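Novice: fold the following, please.
(one chain, ligands or ions: 1)
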Amino acid sequence: MASYYNEHTVLWLNGEIVKASEAKMDLYSQSLHYGYSVFEGIRSYRNINGETKIFKAKEHYERLEQSARLMNMPYKWSVEELTAANYEVLKRNNIQDAYIRPVVYAPANMSFAKNNESFIAIQAWEMQPFLGDKLLRIKTSSYQRPNPKGFNIQAKAGGHYVNSILASQEAKAAGYDEALLTDLNGYVAEGPGANVFYEKDGCLFTPSLGNILPGITRATVLELCKELNVPVKETLFSLDEMKEADAAFFCGTAAEVIGWESLDDIKFKKDWNSSLSKQIQTAYKERVTEKPLTKQKQKSPKEAVA
Ligand code: PMP
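Specialist: The predicted model follows:
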């Protein structure tokens, strides 16, 4: 297992900086027993000027609050307070390229009743920016994403991740890198911890919102497509459509933009390095480190026809 902290590591716990090795939570917490917690996954990067920058901190802390509200959890923190606390955790641990995990959890409560307070921790550990050179072998999961009528799936709630764990472990046990899950109607939905796009005939496609977590990276990819004039469509599609694609990728805060080699052993048609998807991957790396975007050289009309 990865090592997330050592005896020097600190975290932010309910307004105070404390040592990770000394931080305590209540074993009677409703969050531990029932998965009733909400969390975020955030990245910080050393930018091109050498500064530490949390990528889309506002969007992540707004989603944390939204998740808590959807789960009826009391929530009293502002985006500004948590962003400042987050920078403090990075500074005190002397890390720039990091994965950051804020988690909001419930007090001791073995019943299902609403609580009158919540607690919060912000943890961070070093994570180098991903180079994304390896392509993933993906397997369609036998598990579907949770039914949106059974869960508030737009919330990033702890309990929802039991589904992610089952799907990911199943795919890995079968020798694949990761799982792809469908929604309750059999349409392509998302990965255990990432949204999905495919590329076909010069256009990108991604599942529309409704049965997926509205990813902040997904939104960034949509912004990048606009800036780079890459056509993109949000729509429902089947696994069979996806298997006909030229290229495909997962995107998420931790995964960043990571290309696929195959889905259920069917290889994608295009060489990753000549795909539009690869251009998006490069643009994403530039965006998170605050580099100006590399605009691809426009093809001459003759080349474009060929
Ligand atoms: N879907 C699921 C199920 C996830 O857990 C994540 C990771 N948070 C994503 C999509 C991607 O979301 P984001 O880009 O906001 O990290």
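
Novice: which ones are touching the spatially most central residue of the chain?
Specialist: By C-alpha atoms, centre = their mean, the chain has its centre lying nearest to G252, at 3.2 Å. By C-beta atoms under 8 Å, 6 or more residues apart in numbering, the residues touching G252 are G41, G191, G193, A194, N195, G215, T217. Using the backbone N, CA and C atoms, a C-beta is placed for each residue, glycine as well.

Novice: then D264?
Specialist: Per C-beta under 8 Å, 6+ apart, neighbours of D264: I138, K139, T140, L239, K243.

Novice: could you rerun that using 7 Å?
Specialist: D264 makes contacts with K139, T140, as judged by C-beta atoms under 7 Å, 6 or more residues apart in numbering.

Novice: repeat that for P214.
Specialist: Here P214 is in contact with Q154 (criterion: C-beta under 7 Å, 6+ apart).

Novice: what kind of secondary structure is it in?
Specialist: coil (DSSP: H, G, I helix; E, B strand; the rest coil).

Novice: for K53, same thing?
Specialist: strand.

Novice: check the one 5 residues further on too.
Specialist: In terms of secondary structure, K58 is helix; the call rests on three-state DSSP.

Novice: list the contacts for it?
Specialist: Contacts of K58 by C-beta under 7 Å, 6+ apart are V79.

Novice: state the pLDDT value of it.
Specialist: With respect to pLDDT, K58 has a value of 98.

Novice: ditto for S168
Specialist: pLDDT recorded at S168 is 98.

Novice: and if you look at Q296?
Specialist: pLDDT at Q296 comes out at 75.

Novice: beta-bridge partners for the residue nearest to the centre of the chain, please?
Specialist: Applying DSSP bridges to G252 gives these bridge partners: E256.

Novice: one step back: how about the contacts of G252 in JSON lines, adding pLDDT and neighbour count?
Specialist: Shown next, in JSON lines, are the contacts of G252 (pLDDT from 0 to 100; neighbours: other C-beta atoms under 10 Å):
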{"residue": "G41", "pLDDT": "98", "neighbour count": "17"}
{"residue": "G191", "pLDDT": "98", "neighbour count": "25"}
{"residue": "G193", "pLDDT": "98", "neighbour count": "20"}
{"residue": "A194", "pLDDT": "98", "neighbour count": "23"}
{"residue": "N195", "pLDDT": "98", "neighbour count": "23"}
{"residue": "G215", "pLDDT": "98", "neighbour count": "24"}
{"residue": "T217", "pLDDT": "98", "neighbour count": "23"}
